[in-house]
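sharing a model prediction with you, sequence too.
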Amino acid sequence: MTGRAGRVTQTVGIKDVARLAGVSVGTVSNVLNRPEKVSEHTRVRVRAVIDQLGFVRSETARQLRVGTSRILAILVLDMGNPFFVAVAKGAERAAREAGLGVMLCNSAGSTAEEAEYLSLFTEQRVRGVLLTPADATGGNVRTFARRGIPYVHVDRAVPADEGCSVSVDDVAGGTLAVRHLLAAGHRSVTYISGPMSLPQCRDRHTGALAALREAGLPETALRHVESARLDVASGIDAGARLLGLADRPTAVFCANDLLALGVLQAMYGAGVDVPGDMSIVGYDDIEFAAAAVVPLTSVRQPADAMGRTAARMLMEETGPDAEGHRHRSVVLQPELVVRSSTHAPAPRPSASRRPAPHDPAR
């Protein structure tokens, strides 16, 4: 390696630190990994030499020596979605509290990219993985499971014999959303989702239908618009499709807040009053939901708690008491947060009772 002045520099190793500090390599290792075993005087001297030499320990060498990594990997569906950012932050805080680092990756909903990242995690021999699967068939996860690295499903419930999981009761969340709209008097509701291959979209739809049955209404009272993605652009497109309907719904329930914000943008651009002409409910309760031009009613998911819980479960499975670990499924409960985007439906004039034309002379 060549320095700025053209001189060849060498990587500083643990032996260099030990030699200059006048201690054994084992003592330096204890200062780095088990400082409680070293006297304060020696720790101070070794740390001073580490700072002087600019020594950085090799995580690869440490991993080869002790057999475990200090890195947790997190693989989410969409880092453009603030919900997954909040999940990752919760997991990172729990990992840092335990002295572990985090590798954050984004599959972008691609099964091919998911497979590549899972292979990378195997090559790096990470301590464990927090995973929101993109592959609806489960093939990528089954392949990864054979590699012996522990993992926890996040935002996806699985049977205990398939591993640990942390999720939210999305059926209950869908019921909360549509029950709220029905209680406000809406009878023309449309559910806008992402791909129905995603369990979250299916479960929220199932919950919406349950609310209809609870109210004594047929399932056909709920129309469904499926989008290719769970993002704002897809929400705008879905909103445009609704605007083209002769019998436009009075209420919309969206599978996430990004879709809902897109629908809101489409309505706002077309001069449709929200909530006067159309009520909108989102899902996740991301930070932007409350800050929208019309604050968005949303089903809140405890994203931070989900990330923290998943990370702690993974650390239990990879910690010193791992032999006694038993897989379990933790299901958290959603909460409806009501804001200005929902209201009772505005009365629609019938053909026999149209409003009188405006008289400019008045």
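It's in.

so which residues of the protein form strands?
With DSSP state E as the criterion, the chain has strands at 71-76, 101-106, 128-131, 151-154, 164-168, 189-193, 222-226, 251-254, 279-284, 297-300, 329-332, 335-337.

tilt between the fifth one and strand 279-284?
What it means is strand 164-168. 160 degrees (axes from the mean of the first three to the mean of the last three C-alpha atoms, to 10 degrees).

check which helices and strands strand 164-168 sits against.
Packing partners of strand 164-168 (3 or more C-beta pairs under 8 Å, 6 or more residues apart in numbering; DSSP states H and E): strand 151-154, helix 303-318, strand 329-332. Quick note: C-beta positions are derived from backbone N, CA and C, even for glycine.

partner strands of that strand and their direction?
Strand 164-168 has the following sheet partners, assigned by DSSP bridges: strand 151-154 (parallel), strand 329-332 (parallel).

return the most buried member of these.
Of these, the one with the most neighbours on average (mean count of other C-beta atoms under 10 Å) is strand 151-154, at a mean of 26.

what sits up against that strand?
For strand 151-154, contacts defined as C-beta atoms under 8 Å, 6 or more residues apart in numbering pick out 74, 76, 87, 91, 128-133, 141, 144-145, 162-167, 306-307, 310, 313-314, 317.

may I see the buried residues of stretch 183-194?
Applying a neighbour-count criterion of 16 or more other C-beta atoms under 10 Å, one finds Ala184, His186, Ser188, Val189, Thr190, Tyr191, Ile192, Ser193, Gly194 buried in stretch 183-194.

just to revisit the earlier point, for the helices and strands packed on strand 164-168, which one sits closest to Ala346?
helix 303-318 (33.7 Å; C-beta to C-beta).

name the helices or strands packed onto that closest one?
Against helix 303-318 (3+ C-beta pairs under 8 Å, 6+ apart) you get strand 71-76, helix 82-97, strand 128-131, strand 151-154, strand 164-168, strand 329-332.

which one is Val31 nearest to, not counting chain neighbours?
In this structure, Val31 finds its nearest non-sequential neighbour in Val46, 4.5 Å apart by C-beta to C-beta, 6 or more residues apart in numbering.

any idea which of the helices and strands packed on strand 164-168 gets closest to His205?
Per C-beta to C-beta, nearest to His205 of the helices and strands packed on strand 164-168: strand 329-332, 18.1 Å.

name the residues that touch that closest one?
So strand 329-332 is in contact with 157-160, 164-169, 301-302, 305-306, 309, 313, going by C-beta under 8 Å, 6+ apart.

how far is that strand from where the chain is centred?
15 Å (C-alpha atoms, centre = their mean, to the nearest Å).

alpha carbons of that strand, as CSV, please.
Output of strand 329-332 as CSV, limited to C-alpha atoms (Å, rounded to 0.1, in the frame of the first residue of the first chain):
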residue,chain,number,x,y,z
SER,A,329,-44.4,-16.4,16.4
VAL,A,330,-45.1,-13.0,17.9
VAL,A,331,-48.2,-11.2,16.5
LEU,A,332,-48.6,-7.5,17.4
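
make 30 the starting number, not 1.
Yep, numbering from 30; the last one is strand 358-361 now.

let me see the mean pLDDT of that strand.
What strand 358-361 shows for mean pLDDT is 96.

kindly reformat the buried residues of stretch 212-223 as JSON lines containing pLDDT and distance to Leu325.
Shown next, in JSON lines, are these (pLDDT from 0 to 100; distance: C-beta to C-beta, whole Å):
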{"residue": "Ala213", "pLDDT": "96", "distance to Leu325": "15"}
{"residue": "His215", "pLDDT": "96", "distance to Leu325": "16"}
{"residue": "Ser217", "pLDDT": "93", "distance to Leu325": "20"}
{"residue": "Val218", "pLDDT": "97", "distance to Leu325": "16"}
{"residue": "Thr219", "pLDDT": "98", "distance to Leu325": "16"}
{"residue": "Tyr220", "pLDDT": "98", "distance to Leu325": "16"}
{"residue": "Ile221", "pLDDT": "98", "distance to Leu325": "13"}
{"residue": "Ser222", "pLDDT": "98", "distance to Leu325": "17"}
{"residue": "Gly223", "pLDDT": "96", "distance to Leu325": "17"}
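
mind putting these in JSON lines, distance to Ser308 included?
Shown next, in JSON lines, are the buried residues of stretch 212-223 (distance: C-beta to C-beta, whole Å):
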{"residue": "Ala213", "distance to Ser308": "7"}
{"residue": "His215", "distance to Ser308": "6"}
{"residue": "Ser217", "distance to Ser308": "10"}
{"residue": "Val218", "distance to Ser308": "9"}
{"residue": "Thr219", "distance to Ser308": "11"}
{"residue": "Tyr220", "distance to Ser308": "13"}
{"residue": "Ile221", "distance to Ser308": "13"}
{"residue": "Ser222", "distance to Ser308": "17"}
{"residue": "Gly223", "distance to Ser308": "21"}
